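>>> Sequence first, then the predicted structure, then my questions.
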Amino acid sequence: MGAGWTRMIVWLPRVLGLVFVAFLSMFALDVFAEGVPLKEALVGLLVHLIPNFLILIGIGIAWGRPLLGGLALIGLGALALWFYGPEAVLIVAAPLAMLGVLFIAGELFLRRGAPAGA
């Protein structure tokens, strides 16, 4: 397999993870409603972004140690499913599980026989 495919397998979960965090961050912006004081809105924003910070930590771990980080992202998906209920499957839990599987699959692929230096 060429270096381009190897590069894509390595970078795809990283880019998708950051795009996913940006997507989830948009939902936190609902705290800025008319008539809400700025201080309360900023506290609410911080509270709404806690899951995003946890996902970023998982992606950061997966960046250096894909197997451990992939398992952490799958665990975060399971935690989101438990915390938010079945309504969160398509928007939170499934994408997190997919990211975790992509990190793990990419690492296993590279261990199995990707060209050196890729």
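Yes, it's here. Numbering: from 1, shown residues only.
>>> Every contact and neighbour count from this point should use C-alpha atoms.
Noted.
>>> Tell me who's in contact with the residue most central in space within the chain.
The centroid of the chain falls nearest to residue 17 when counting by Cα atoms, centre = their mean (4.1 Å). By Cα atoms under 8 Å, 6 or more residues apart in numbering, residue 17 lies in contact with 59, 99.
>>> Show the average pLDDT along the helix or strand harbouring it.
Element membership of residue 17, judged by DSSP states H and E, is helix 3-28. Across helix 3-28, the average pLDDT comes to 90.
>>> again with stretch 53-60
The model assigns stretch 53-60 a mean pLDDT of 96.
>>> Only C-alpha atoms, please: export it in PDB.
What follows is stretch 53-60, C-alpha atoms only, in PDB (Å, rounded to 0.1, in the frame of the first residue of the first chain):
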ATOM      1  CA  PHE A  53     -12.900  18.900  26.600                       C
ATOM      2  CA  LEU A  54     -13.100  15.200  27.500                       C
ATOM      3  CA  ILE A  55     -13.300  14.200  23.900                       C
ATOM      4  CA  LEU A  56     -10.300  16.400  23.100                       C
ATOM      5  CA  ILE A  57      -8.400  14.700  25.900                       C
ATOM      6  CA  GLY A  58      -9.300  11.300  24.300                       C
ATOM      7  CA  ILE A  59      -8.200  12.500  20.900                       C
ATOM      8  CA  GLY A  60      -4.900  13.800  22.400                       C
END
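>>> No further questions, thank you.
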